[in-house]
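> Pasting the sequence and the predicted coordinates here, then a few questions.
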Amino acid sequence: MAQERQQGGRDRPLVAVTGLGLVTSLGSGTTDNWAALTAGRSGIHEIRRFPVDGLRTRVAATVDFVPAEPMCAPVLSERFAELAADEAVAQSGIGRPGDFPGALFIAVPPVELDWPQRRALAEASGEEGTITYRDLLASAATGRFGEFHELFLFGTVADRLADRFGTQGSPISLSTACSSGATAIQLGAEAIRRGEVDAALCIGTDGSVNPESLIRFSLLSALSTQNEPAESAAKPFAKNRDGFVMGEGAGALVLENADTARARGAKILGYLLGCGEKGDGFHRTRSSPDGAPIVAAIRDALADAGLGPEDVDYVNAHGTATPENDKMESLGLMSVIGERMKTVPISSNKSMIGHTLTAAGAVEAVISLLTIQHGRIPPTINYAIPDPAIPLDVVPNVARDAAVSVVLSNSFGFGGQNTCLVLAAEPR
């Protein structure tokens, strides 16, 4: 086993993946999701959760088959995370039910009171006409709404999942915008590499498709307004792309020290070889014009993996379908991988499942590992009009069979954190 502790000449534990779990608008479980993704099926549809009359964007990739009470972002996020983690932990065969022998790292969306809860506070104030923040605080001070406080604390989802799965130590909640799910995976890998734990349960989850979040993104002109047909709204890398589509779901991975995993006879599904991250403070919603943070994140991930640009077989793109983000991702990849990037296949899962926001990095890492296992690349659907400014080998509309050993999985946040993961079939 000693050789497996070596990676790129460095004496550190190799990080193996032994469990995967997935929930998206296409279904619950890796099997159903993989079948739908490789069939090019869209999970984007008209929103039925709340009225959309008069809104510029009326579509999203909501997960409508998972019940939640009350219907709000923290409860939905917790339910999605439970389902994904149940699948991942069961597949890994690690520990015992309710006794996970490792730490929990979970990416959860920023939380604030949803409108139903705000309305309850407003009605309890007894005030007529305009309700002020002071009125809401007065209602909260009565003590009648204590359950709201616990429900909307940032760490509540992590605490409940830690209790459910019996993870060790304090659960870590994090939010780094669109790269959050990938950051959770990175933190788990780093804890294993430092020898702090032998296993980590890493989750990205998001159930925050609600009126306020939809309107906020719409005001930023970030969302697609091509509502009909709904399944054609997300067009990553296409010339006629006009914005992203909000999505929901969760991805979960069980990471382990490869030596420990093999010693207990676990089936290894792949390896996390490298992580790279770089903050981008240029603008709240725009990337730096020179693409430097994206370039640095990609280079750092490859260097951390001990690999070069020539080793990348496939890129699971961030690919939001916003005009600027797709262009900047292309620029970053071309800067690092060069002309070879024109023949390295790339695709965006967001064309089918929307942008799952906080969950995206974990959801797409799971899909990257499924791509390695099955030797089949899910397509970018709705790619009918190539953008000459993005000279990439986009896998268009139909899945492509390919031998894939090394995947670069990108997660680039709105003007914030950029995180890249290098996932592989075998240790290098």
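Noted; the coordinates are in hand. Nothing here was measured: the structure is a model prediction, and the numbers come from that model. Residues are numbered from 1 along each chain as shown.
> What number of neighbouring residues does Val398 come out with?
Per other C-beta atoms under 10 Å, the neighbour tally for Val398 reads 12. Placement of C-beta: from N, CA and C, glycine included.
> wait, isn't it in contact with Ala39?
No: using C-beta atoms under 8 Å, Val398 makes no contact with Ala39, being 9.3 Å away.
> okay, stretch 402-419 in CSV with CA atoms only?
Extracted in CSV, the C-alpha atoms of stretch 402-419 (Å, rounded to 0.1, in the frame of the first residue of the first chain):
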residue,chain,number,x,y,z
ALA,A,402,-15.0,7.9,-25.1
ALA,A,403,-12.2,6.4,-23.0
VAL,A,404,-12.0,8.9,-20.1
SER,A,405,-9.4,8.5,-17.4
VAL,A,406,-8.9,12.1,-16.2
VAL,A,407,-11.6,14.7,-15.9
LEU,A,408,-11.3,18.4,-15.0
SER,A,409,-14.5,19.4,-13.3
ASN,A,410,-14.9,23.2,-13.1
SER,A,411,-16.9,25.3,-10.7
PHE,A,412,-16.7,29.1,-11.2
GLY,A,413,-18.7,31.3,-8.8
PHE,A,414,-20.3,34.6,-9.6
GLY,A,415,-17.4,37.0,-9.3
GLY,A,416,-16.2,35.0,-6.3
GLN,A,417,-14.6,31.6,-5.8
ASN,A,418,-13.2,29.5,-8.6
THR,A,419,-12.6,25.8,-7.7
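> isn't Arg193 right next to Asp11, touching?
No: under the criterion of C-beta under 8 Å, Arg193 makes no contact with Asp11, lying 10.4 Å away.
> quick one, which of those two is more surrounded?
Comparing Arg193 with Asp11 by other C-beta under 10 Å, the one with more neighbours is Arg193, at 18 against 8.
> Which residue comes closest to that one once chain neighbours are left out?
Arg12 (4.7 Å; C-beta to C-beta, 6 or more residues apart in numbering).
> and the one you found, how far is that from Thr31?
33 Å (C-beta to C-beta, to the nearest Å).
> more neighbours, these two?
Comparing Arg12 with Thr31 by other C-beta under 10 Å, the one with more neighbours is Arg12, at 15 against 12.
> per-residue pLDDT, that one?
In this prediction, Arg12 carries a pLDDT score of 92.
> cool, and Val52?
Reported pLDDT for Val52: 95.
> can you count the residues close to it?
Neighbours of Val52 (other C-beta under 10 Å): 17.
> so how far is Pro211 from it?
From Val52 to Pro211 the distance is 9 Å (C-beta to C-beta).
> swap in Thr31?
33 Å.
> before we move on, what about Ala250?
Counting by C-beta to C-beta - Ala250 and Pro211 are separated by 22 Å.
> Equivalent analysis for Thr38, please.
Counting by C-beta to C-beta - Thr38 and Pro211 are separated by 33 Å.
> between those two, who's got more neighbours?
Of the pair Thr38 and Pro211, Thr38 is the one with more neighbours under other C-beta under 10 Å, namely 19 against 15.
> for the more buried one, phi and psi?
phi -70, psi -20 (degrees, to the nearest 10).
> can I assume it is in contact with Gly375?
No: applying C-beta under 8 Å as the test, Thr38 and Gly375 come out as separate, 10.9 Å apart.
> Can you check which residues contact both of these two?
Residues touching both Thr38 and Gly375 by C-beta atoms under 8 Å, 6 or more residues apart in numbering: none at all.
> From Leu151, how far out is Arg144?
14 Å.
> These two: which has the busier surroundings?
Using other C-beta under 10 Å as the criterion, Arg144 and Leu151 rank with Leu151 on top: 20 against 12.
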